[in-house]
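A.B. asks: Here is a sequence with its predicted model. Questions after.
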Amino acid sequence: MAAITLIEAVNAAMAYELEHDKDVVLFGEDVGKNGGVFRATDGLQKKYGSDRVIDSPLAESMIAGLAVGMAAQGMKPIAEMQFMGFIFPAVDQIFCHAARMRHRTRGRLTLPMVIRAPYGGGIHAPEHHSESTEALFAHIPGLKVVIPSNPSRAYGLMLAAIRDPDPVIFLEPKRVYRIVKHEVEDNGEEYPLEACFVDREGSDITLISWGAMMHETLQAAEKLAAEGIDAEVIDVATISPIDMDTILESVQKTGRVCIVQEAPKSGSVGSEIAAEIAEKAILSLLAPIGRVSGYDTVMPYYRLEKQYMPTVDRILDEARKIMEYK
Amino acid sequence: MKQFNLPDLGEGLPDAEIVRWLVKEGDEVTVDQPMVEMETAKAVVEVPSPFAGRISKLHGKEGDVIDVGAVLVTFGEVGEVAEEAPEPAPVTETTNDETPSQASAPAAGSDTFLLPDLGEGLPDAEIVRWLVKEGDTVTVDQPMVEMETAKAVVEVPSPFAGKVSKLYGQAGDVIEVGAPLVEFGGTGGSSSGESKAAAPAKEEAGEEKRADSGTVVGAVEVGNHVVAETANAVVKALAKKLKVDLTKVKGSGKDGAITQKDVREAAKSGATASTTTAELPQQTAGVDTSNPLAYKASPAVRALARKLGVDLGDCNPTGRKGSITRDDVEQASKGGSSAPRQSQPAMSAQQAKGLPAVSVEVQPEKVRGVRRAMAMGMANSHATVVPTSLVEDADITAWPKGTDSLARYVRAIVTAAKQVPAMNAWFDGENFERLLHPNVNVGIAVDSPDGLYVPVVHNADRMDMAGVRARVQELREKIETKSLKQDDQQNATITLSNFGSIAGRYGTPVVSPPQVAILGTGRFRNELKLTDKGITNAKMLPLSLTFDHRACTGGEAARFLAAVIEDLQLAR
């Protein structure tokens, strides 16, 4: 077992499936010879050949369309969008074709495809490299949207995403590509999709997050513990469809909720979770639901990105406010 | 010799293309003299010279793309070019002398850290700022230097723990990927106590570190912090998804730990949890009242409970799925929880004032709402009004079948009130004021499970009987749906009590101040009556009129009653 980073885990999972499933192919801009701008596909072309690990032209709509076509013909394509900010030309293919094929063919055709994209801020990149637009995809029926928060989950969820019969948007929080390592056994064991992971059990307040913000959230939970506040921390992981059972059960236990996300507040995944809680567990709420999120503005240039992104202190402030609510 | 590096030409663009050189090697230039036209993604810009002097070398030719921060022009004597141009990392030899203790170190296990690939296969990066100095002891992952690539500023962490013996280059220098960046001096590894990575990393330093740092478009933080996945969380999540009861699964993992495989197999073999997971434990008697979540209540109800100082534990939940409603809280606040009380002591404390407790099962209830209003109103009446009652029968034999009796009563009161305005009046016994009403607003006493309501048919004198009936019907419905408004119950000038619709021949209705009169209608009956024509069967309606003798004379009351009878005895 080797200790690997999140990006290495993504690489390992794709390598495992390339090795064990001849239908798996991988393509995108610079994924072959260069090994991907973040090195997610490092060494894969060398090992599996340029027939299966393909450098594509710089044309995202084509990349997504190619994935749709390949998947419709029984292959299992993994397409990379170099950055989440570049995914928009591909949205027509993703929304209008990938998401709908099962429905359009009344279940006769499913698309076992994965679209990977690094997303999120915190690496001093230009603004369109740094935004968190996961809610756009979570809103579209027919897509699963998965965000791993650590190397183990990147490995297990990527395997599940590749093996899933339907299109999965796999968003990689690039800020945490390399900040922690996990001992991951490269045994091909997948993690469940559509399941929240309870990373810390607690009884006073439920902190809900996903992706890179899980790291701030877990740190906040540690600090709250020092103040005598016992926080439960949930990694949503699959943000669409959301495993609300786990969240509701936690809310019914704690009565207090704080949702932490990097994305702007309005119309976000956090809004959806808050609405579900209000709908199904309002009788258990002891305080208004709190949300710590980015602001309703364009992700700023990097000098200000630390002001934009939720910090441990912001989470602590909100959590304390919720705890003090009478 | 001076170097001029390509400055940021605006908007943070990473590079620019040389369009045309405006000078050539060997030229003397003055400050601000344009040297080159550069094309960025946005515009063509003339780049002026920052120095006066002789140009020894132009780095790049027309069409070349120069990264921001890369060397563009070297100033100085032509002969110097060969020395500095190919090696962009000047080696500052003198620094070794500053740390004499390390003079002998290099041979004894010194280690050189080469600049790793920082992004997109870019060939080099510029030193922005050193974060350590020679002689410093660093730990694994401690940032040593900020390097600027074409895309971003990146902190480069130390791959080793140890003592820095030499830094290659200074701020502004461009270092090629793979060129030496930092040298570590011999004994370092163990002294810091973070020897973890030192030894094994050494041999593969070049290759492994390169792969690990990978590439960055932006400042991706790099850490070697190893944490474990909470495998438990994954297994629990899977169990929940597959509805497997973990307590019934036998673990096959290390130390009997349950693995994902165990859960999947259990799901296949049908060891599913019987309960639906998201169900709140049912509320039971004797719950821990210190936990507010023991009770189901909406935030608004909880707020109300706090405002009224009611403990949710004292409320009797009547809402959906055992939830506590606003009514339950209000009930508890008035002490009238409909649940039998458990606490005898609390009751006995009240005994001196309240009703004596009878048993645990049957307890006094608080009188509230309409019933309470009635009690207060009656007491007020009894304390002020001087009531006098007058009874008489009206012969309603002439009424056709299906006559609307209530509407007839109202019409009779209106007619009589017009004849004797003193009975359709308000009286203030304290200030001795009397108000004779020009209009007739008839209050109608209505019995309900909640208590006595007296809704008002306003301006009954301007309505026909159908209108009266419609209004009465409307008021009754409002009472049933509890939507009776304050307006519907105010400003009666005289009242009708139709107790006879249930039972009772005569009564002594109670005047409701400031009104001065109330007419009671009893249950009508058949009566053999001696008339001029002999014995006839008459249908008799008993009437009971109570008036406030402070405000009205007996004569006024009698005339009023006569007028009522006269109207009632009309056929229609």
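C.D. replies: Nice, thanks for sending it over.

A.B. asks: can you confirm residue B:389 is in a strand?
C.D. replies: Yes. When DSSP: H, G, I helix; E, B strand; the rest coil is applied, residue B:389 is found to be in a strand.

A.B. asks: Can you give me the neighbour number for it?
C.D. replies: 17 (other Cβ atoms under 10 Å in any protein chain shown). Glycine gets a C-beta too; all of them are placed from N, C-alpha and C.

A.B. asks: just for the stretch 51-200 of chain A, where's the confidence low?
C.D. replies: Applying pLDDT under 70 to the stretch 51-200 of chain A flags the ranges A:127.

A.B. asks: Can you show me the helices along it?
C.D. replies: A:60-72, A:91-93, A:101-104, A:134-138, A:151-163 (DSSP state H, counting those that start in this stretch).

A.B. asks: of all these, which lies closest to residue B:368?
C.D. replies: helix A:134-138 (50.2 Å; Cβ to Cβ).

A.B. asks: For the stretch 201-326 of chain A, which residue gets nearest to chain B?
C.D. replies: residue A:283 (4.2 Å; Cβ to the nearest Cβ).

A.B. asks: if we can go back for a sec, dump the helices of the stretch 51-200 of chain A into TSV; add distance to residue B:171 and mean neighbour count as well.
C.D. replies: Shown next, in TSV, are the helices of the stretch 51-200 of chain A (distance: least, Cβ to Cβ, whole Å; neighbours: other Cβ atoms under 10 Å in any protein chain shown):
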stretch	distance to residue B:171	mean neighbour count
helix A:60-72	39	21
helix A:91-93	43	17
helix A:101-104	55	16
helix A:134-138	39	22
helix A:151-163	35	26
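
A.B. asks: the strands in the stretch 201-350 of chain B, which residues?
C.D. replies: For the stretch 201-350 of chain B, applying DSSP state E, counting those that start in this stretch gives strands covering B:225-227.

A.B. asks: What of the stretch 1-150 of chain A?
C.D. replies: A:2-4, A:24-28, A:53-55, A:76-80, A:114-119, A:144-146.

A.B. asks: what about residue A:82, neighbour count?
C.D. replies: 22.

A.B. asks: Report the contact partners of the nearest residue to it once chain neighbours are set aside.
C.D. replies: For residue A:82, ignoring the flanking residues on the chain, the nearest one in space by Cβ to Cβ, 6 or more residues apart in numbering or on different chains is residue A:29 at 4.9 Å. Taking Cβ atoms under 8 Å, 6 or more residues apart in numbering or on different chains, we find residue A:29 in contact with A:55-58, A:63, A:80, A:82.

A.B. asks: So what's the predicted local confidence for residue A:29?
C.D. replies: Each residue has a pLDDT score; the one for residue A:29 is 95.

A.B. asks: picking up where we left off before, so which of the strands of the stretch 1-150 of chain A is nearest residue B:137?
C.D. replies: strand A:2-4 (24.3 Å).

A.B. asks: Run me through the strand neighbours of the closest one, direction for each.
C.D. replies: Note on strand A:2-4: by DSSP bridges, its sheet partners are strand A:180-184 (antiparallel).

A.B. asks: how distant is the helix or strand residue A:260 falls within from the center of its chain?
C.D. replies: Using DSSP states H and E, residue A:260 sits in strand A:257-264. Distance of strand A:257-264 from the chain centroid (Cα atoms, centre = their mean, to the nearest Å) equals 14 Å.

A.B. asks: cool, and stretch B:24-44?
C.D. replies: Centre to centre, stretch against its chain (Cα atoms, centre = their mean), the figure for stretch B:24-44 is 61 Å.

A.B. asks: Fine by me, we can end here.
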